[in-house]
Every structure is written in structure tokens, then in C-alpha cells.
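Undergrad: give the three-dimensional model of this entry:
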Amino acid sequence: MKKYNHFFFDLDGTLWDLYTNTEEALRILFHEFNLPSDPAFFSDFYSKYHYHNEKVWALYRVGKIEKEVLRTIRFERAFEEAGHPLGASEIVRFADRFLDVCPKLPHLLPGAHELLAHASKNGKLHIITNGFKEVQGFKMEAGNLNQYFDQMINSEDVGKRKPNPEIFEYALKKAGAAKEESIMIGDDWDADILGARDFGIDQAFITHTEQMQLKLSGGDRTNQVRHNYSPTFTVNNLSELIQHF
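TA: All right, here's what the predicted structure looks like:
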């Protein structure tokens, strides 16, 4: 078994449970904003929000949409498609409150602490994230994650986002790590897995996000991510990685 000395983790959707925390935050905000309480409406909005959120984040990664636009347009489009459009000022207030509430929720993916405790005995752990710099620290604190990590590399500090090779180059240099002793662990096929592959480091693909996308699409496999590459490791959950590290 190959020995890794440096473990580079994505945060959102890999360790911090993006879907559970988002759902909890949206339920809080629906109550605060007196939005429809019908469960069917919430379910429809929730699935539409994730669809648009994924679309705009893909654009953000490659510099085709600005951060401030991303923050609001994902909600604007989801409410419109759910048949309950909000005014511009209310969308801004909703988006601001979402970033107040959601990052402070503590839910992690199952097995996160067990994997991190195990990996930290064998090497140094680092975060590479494209997430908004002003909120990622709240997520780390809420999930009690800071104890494991040496470095947190944020794309806003680098000026480049995953999958750009420059963020991986920056991260390895900051960590004092060599490619051959490093691995990237993430849930985003393009940003984490192909980004790491193209940069020249091993990859561990966590399929949780892909499974959630499939579930929210109603099981329509035409919307499932299609792969023509086999990562170093592919696992359904974090606990499965312990045996490889």
C-alpha cells in the first residue's frame, strides 16, 4: 500500500455535509421569511436550488460568473422555477441570511472524524477549498475540524480556483509537499479529481455528492455525472478510505 505524507481535502460535500446543512438552513429561513410551509413546495424548491447552485458554481470555478452574482442568482432562479418569485431586495436579504446561518451548522459526512483522526497519524492534513473565504472558517469550527489540519488553502487567496493547476501548486508549496507523497480527497469530479489528476497527484473520489445529485434529479441517470477515467480510489463514503491510508 502506498504511503501518503500529505492529505489534501476538499471541504464542502467532502467533509462538511453540504446537503444536510443546506436543508436545515433553508428550513430555518423559510420560517423566518414566512415562505410557504407546504412540504411539497419546499421539496421542489430544495431540488431546484441544488440544480442551480451546481450550475452557477461550475461557472464560478472557470471565472464566468462573479461571486456576488452567484450568491443571489441561485436563489432567484430556484424561487422563480418553484412558482414563488421573490423581489430583488428580498432575494438579497435571503442570500445574506443564508450565509449567516448555513456555515455555522455542524453536520459532517459520516466517518469524517474517524478518517481524519486516522490519516492525521500517518501524515499532515490540509484543506483546499473554492468556498467563500468569509464563511469557510465557520464551517471548520462548527464541525470541530481545525484540530486536524495544518493548512487551509482558499482559492480567493491564490486567485485561482480548482481545477486550475496553480492552486494545487500553491498548496503543495505551502505544505512543503511533493507530488508523489500527496493525495487529493474530494467529491467534485471536475474540480477535485480531474484537477488533481491533471496536476499529477493521486485522487480519492467520494461519490456522496453524485449520489445526492442523482436522488434529487428523481433517479434520472441521464443527469448523472459520466466518467471516462478511474481515480486512484473511488469510495461511497469516507470510512471506506481508512483501509487505503
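Undergrad: output the below-cut-off pLDDT ranges for the protein.
TA: Within the chain, the stretches with pLDDT under 70 are 218-226.
Undergrad: repeat that for 90
TA: The chain contains residues with pLDDT under 90 at 1-2, 61-63, 131-132, 208-229, 244.
Undergrad: so in this structure, which helix runs the longest?
TA: Longest among the helix segments of the chain by residue count, using DSSP state H, is helix 39-61.
Undergrad: helix, strand, or coil at Leu125?
TA: Three states are possible here, and by DSSP: H, G, I helix; E, B strand; the rest coil the one that applies to Leu125 is strand.
Undergrad: neighbours around it, how many?
TA: 21 (other CB atoms under 10 Å). (Glycine included, C-beta is placed from N, CA and C.)
Undergrad: who's in contact with it?
TA: Taking CB atoms under 8 Å, 6 or more residues apart in numbering as the criterion, Leu125 is in contact with His6, Phe7, Phe9, Leu116, Ala119, Tyr148, Phe149, Asp150.
Undergrad: out of the residues you listed, which end up buried?
TA: The neighbour-count criterion (16 or more other CB atoms under 10 Å) marks His6, Phe7, Phe9, Leu116, Ala119, Tyr148, Phe149 among those as buried.
Undergrad: okay if I get the residues you listed as JSON lines plus distance to Thr72?
TA: Output for those, formatted as JSON lines (distance: CB to CB, whole Å):
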{"residue": "His6", "distance to Thr72": "37"}
{"residue": "Phe7", "distance to Thr72": "35"}
{"residue": "Phe9", "distance to Thr72": "29"}
{"residue": "Leu116", "distance to Thr72": "34"}
{"residue": "Ala119", "distance to Thr72": "37"}
{"residue": "Tyr148", "distance to Thr72": "33"}
{"residue": "Phe149", "distance to Thr72": "31"}
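Undergrad: how about Phe7, secondary structure?
TA: Local secondary structure at Phe7 is given as strand here, using three-state DSSP.
Undergrad: residues contacting His118?
TA: Applying CB under 8 Å, 6+ apart, we find His118 in contact with Ile242, Phe245.
Undergrad: and it, helix, strand or coil?
TA: helix.
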